[in-house]
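Enquirer: Can you look at this prediction? I've put the sequence above it.
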Amino acid sequence: MRGGALAAAAAMLAAPAVLRAQDSTGSAPVGVRVGITYTPGTRPSVAVLPVATATLDSVRAVLQRDLDFSDRFEVLMPPASVAMRGGAPNYPGLTALGTDLAVAVVAGPAGDVDVQLHDVRTGSIRSHLSVTLPAGGEPLRQAVHRAADEVVRWVTGSPGVAATAILFVSDGRLWRVDPDGQGLANVPAAGRPTLSPAWSPDGRTIAYTAFVPGGRPLVLQDLASGSREVVPGTEYGVNITPEFSPDGRRLAYAHGDENGTDVYLYDVARRCCVTRLTVGRYYDNLSPTWSPDGQRLAFVSSRPGSPQLYVMSADGSGQEALAPFDYGSTGQSNGPEWSPDGQAVAFHREVGGVPQVFVMDLATRTVRQLTGEGRNEDPTWAPDGRHLAFASTRGGVRQLWIVDLETGRLRPLVTTGGARLPAWSPRRTFFSEAR
Amino acid sequence: MMTRLWRAAPVLVLLAAACGGPPAPAATTPAPAPSDALRAAADSAAAARRDSVAAAARADSLARAERERVRADSVRMAVQHISSDTAPQAVAGGLAAADSALLADAIHFDYNRADIRAGDQAVLDRKLPVLAAHPRLEIQIAGNCDERGSDEYNLALGERRAAAAKRYLVAHGVAAARVAIVSYGKEHPLDPAHNEGAWTKNRRDDFVVTKGAR
């Protein structure tokens, strides 16, 4: 996966004139420029086989969509007359379709469901997974999402991101949604509006800024119980842009008072000890984002006059400009998020007064612009390092969209108007427990 | 642990106040010569003045610490609930309409700046006599921004804009304890349009009387 991303990035750098994705997927809309040339047929095709019952079909539907949204396959849905023979996969028929892989959902012996990956060439089951189906609704869909992520792992070597969630703000309130756009639910949070939602690495705790009368504190909230605590010291001033360290033990955030805004660290693990990392006077340092090894923080600083990207060691030393900019002419740059593979930082930068999503390659320190249609802000990485969710007005109102950086494929995530500040969850611990 | 330290701050101030009372007269001091009597009296008067100034400062810092503690407690309490943060209701009460209007006059800012523009200093200056004439008035300054830049950056910028106006008022004699600041970032635009006309209106400090108008 990473090799593919690097190769694509290298190809882009070698031919910087090629900025617009070829529209050969048929789904890459005008205005998304991913700098990647996509050739149909290079992704493996996977046939999702027809099933016998309505229950199995609802499982198949979720699975099929997850595989499609993984953007790693050409998903085929052959009719039973081609794909099945006597209730079993029709391998010759599937071979004739040009697919080497088929996914089947069959009833297991104990009321469970067996998700099978068939190798069409050898006519055998390559991998399979027994899924105990919870009764309907959200738990059932989550179980199928986890199975879909496993299917992606079987084929590509790294799991999908269907069993994750995205937090965002709409109408000043906090919401969660699955990456397939389902499971939209309000997360009761302190204060309104709430801003800057962030996930702990285990997916159990969230942090956010709460607008409450008299304060802008940072709140840590346990997702399961809903219990909340205020990060000490954030009862005062403005407190924004929390980000958990990759080991979950520290929280980087920005605290602002009458003299400016600076980046601080709070020791979440020991529930003590606030350390100040930047010292600004009448300018702002904010939006810290951790490198995956926990050694460095990229952040936004307005020290050059307008907000731009900077980077420092996690102890505050070695502060320097990160993404190149020209004093006075480059639009302000905000909302950085370090990619899960450590190789890139996504952010948004104003071009002609309109924010657009950029990705910076850290090895070369070059930036490329991903979007050009409407206002596009606050990119957040999926744990697979190839998908970004961001807020965009390209559909007329501000909504959340997901782009796959490797194919340029773009789709709306939620049609909730006014959606903003998305935060993509890590892979949750229940994922590894389910294996 | 930090929480406990924050809570302990007023107690520490109290302790400091207890230790810092007027010094006990030294019994062993020899009686001063008559020529020194006037100087001693003057010294003693000066010392008393210093003490009363110090006492007032202590009382002020005690009051401020208490006020901050109460506010921090209320913020922690508020987090346990789901409440919308609405702008405080202005209490106009017995203020003359003209005075209310002067206090409420907004000031505006250049793009991405938080310094008071020369023209807006006059707007702030006109608030000074009203605040001086009504010493119990307390106000809140709310910093606001246009839509450019991230939601969070604008929250920080709004804080600096509110702080700039507070600094100006305090430098011109208004007690800091009477002026609260808050940032709304770009959450409360006056004009939601996406053009320079709207942005100019939205980059502003709003002033609200929160207490003391009778």
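Expert: That came through fine. Bear in mind that the values here come from a model prediction, so they are computed numbers and not experimental data.
Enquirer: use CA for all of it now, contacts and neighbours both
Expert: Noted.
Enquirer: mind checking how far stretch A:274-287 is from the chain centre?
Expert: Relative to its chain's centre, stretch A:274-287 lies at 27 Å (CA atoms, centre = their mean, to the nearest Å).
Enquirer: likewise stretch A:334-349?
Expert: The answer for stretch A:334-349 is 11 Å, by CA atoms, centre = their mean.
Enquirer: again with stretch A:200-208
Expert: The answer for stretch A:200-208 is 14 Å, by CA atoms, centre = their mean.
Enquirer: What's the mean pLDDT across it?
Expert: Stretch A:200-208 comes out with an average pLDDT of 96.
Enquirer: So which bits of stretch B:157-170 are buried?
Expert: Residues B:157-166, B:169-170 are the ones in stretch B:157-170 that count as buried (16 or more other CA atoms under 10 Å in any protein chain shown).
Enquirer: Report whether that stretch contacts chain A.
Expert: Yes. Using CA under 8 Å from any CA of the partner chain, a contact is recorded between stretch B:157-170 and chain A, made by B:157, B:159-160, B:163-164.
Enquirer: Save the buried residues of stretch B:157-170 as CSV, and put in secondary structure too.
Expert: Shown next, in CSV, are the buried residues of stretch B:157-170 (DSSP: H, G, I helix; E, B strand; the rest coil):
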residue, secondary structure
B:Leu157, helix
B:Gly158, helix
B:Glu159, helix
B:Arg160, helix
B:Arg161, helix
B:Ala162, helix
B:Ala163, helix
B:Ala164, helix
B:Ala165, helix
B:Lys166, helix
B:Leu169, helix
B:Val170, helix
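Enquirer: pLDDT added to those, as a markdown table?
Expert: Converted to a markdown table, the buried residues of stretch B:157-170 look like this (pLDDT from 0 to 100):
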| residue | pLDDT |
| --- | --- |
| B:Leu157 | 94 |
| B:Gly158 | 95 |
| B:Glu159 | 94 |
| B:Arg160 | 93 |
| B:Arg161 | 96 |
| B:Ala162 | 96 |
| B:Ala163 | 95 |
| B:Ala164 | 96 |
| B:Ala165 | 97 |
| B:Lys166 | 97 |
| B:Leu169 | 97 |
| B:Val170 | 96 |
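Enquirer: show me where pLDDT drops low in the chain?
Expert: Using chain A. Applying pLDDT under 70 to chain A flags the ranges A:1-41, A:429-435.
Enquirer: meant chain B, my bad for not saying
Expert: Where chain B drops to pLDDT under 70, the residues are B:1-38, B:92-93, B:213-214.
Enquirer: Can you pull the residues of it lying near chain A?
Expert: Close to chain A, as judged by CA under 8 Å from any CA, chain B has residues B:1-3, B:6, B:71-72, B:74-76, B:78-86, B:112, B:148-153, B:155-157, B:159-160, B:163-164, B:182-183.
Enquirer: Those in helices, which ones?
Expert: B:2-3, B:6, B:71-72, B:74-76, B:78-79, B:151-153, B:155-157, B:159-160, B:163-164 (DSSP state H).
Enquirer: So what sits opposite the closest residue to A:Val48 other than its chain neighbours in the bridge?
Expert: Closest residue to A:Val48 apart from its sequence neighbours, by CA to CA, 6 or more residues apart in numbering or on different chains: A:Val103 at 4.8 Å. Taking DSSP bridges as the rule, A:Val103 bridges to A:Val48, A:Leu117.
Enquirer: I figured A:Ala143 was touching A:Gly136, is that so?
Expert: No. Taking contacts as CA atoms under 8 Å, A:Ala143 lies outside contact range of A:Gly136: 10.2 Å.
Enquirer: okay, these two: which has more neighbours?
Expert: Between A:Ala143 and A:Gly136, counting by other CA atoms under 10 Å in any protein chain shown, A:Ala143 is the more crowded of the two (19 against 10).
Enquirer: I'd like to know how far the more buried one sits from A:Leu129.
Expert: For A:Ala143, the distance to A:Leu129 (CA to CA, to the nearest Å) stands at 11 Å.
Enquirer: Now do the strands in chain B.
Expert: Here chain B has its strands, by DSSP state E, at B:107-108, B:138-144, B:179-185, B:204-211.
Enquirer: what are the pairing partners of the longest one, and which direction each?
Expert: Same thing as strand B:204-211. strand B:107-108 (antiparallel), strand B:138-144 (antiparallel).
Enquirer: Would you format these as a markdown table with mean neighbour count included?
Expert: Output for the strands paired with strand B:204-211, formatted as a markdown table (neighbours: other CA atoms under 10 Å in any protein chain shown):
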| stretch | mean neighbour count |
| --- | --- |
| strand B:107-108 | 23 |
| strand B:138-144 | 26 |
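Enquirer: Determine the next helix or strand in the C-terminal direction from the helix or strand hosting A:Pro139.
Expert: According to DSSP states H and E, A:Pro139 maps onto helix A:137-156. Going down the chain from helix A:137-156, the next helix or strand is strand A:166-170, by DSSP H and E.
Enquirer: now the closest residue to chain B within the stretch 301-435 of chain A, which residues is it bridged with?
Expert: Ranked by CA to the nearest CA, the top residue of the stretch 301-435 of chain A for proximity to chain B is A:Asn334, at 6.0 Å. Beta-bridge partners of A:Asn334, counted by DSSP bridges, are A:His348.
Enquirer: right, and it touches B:Asp151 too?
Expert: No. If you go by CA under 8 Å, A:Asn334 and B:Asp151 don't touch, sitting 9.4 Å apart.
Enquirer: So these two - more neighbours on which side?
Expert: Using other CA under 10 Å as the criterion, A:Asn334 and B:Asp151 rank with A:Asn334 on top: 30 against 25.
Enquirer: show me the contacts for that one.
Expert: Contacts here follow CA atoms under 8 Å, 6 or more residues apart in numbering or on different chains; on that basis A:Asn334 touches A:287, A:300, A:307-309, A:347-349, A:378, B:149-150, B:153.
Enquirer: change it to 7 Å
Expert: Residues near A:Asn334 by CA atoms under 7 Å, 6 or more residues apart in numbering or on different chains: A:300, A:307-308, A:347-349, B:149-150.
Enquirer: of all those residues, which comes closest to A:Thr164?
Expert: Closest approach to A:Thr164 among these (CA to CA): A:Phe347, at 21.3 Å.
Enquirer: Okay, and the closest residue to that closest one other than its chain neighbours sits in which element?
Expert: The shortest distance from A:Phe347 to any non-neighbouring residue, by CA to CA, 6+ apart, is to A:Pro336 (4.2 Å). Taking DSSP H and E as the criterion, A:Pro336 maps to strand A:333-338.
Enquirer: What is the neighbour count of B:Ser83?
Expert: 17.
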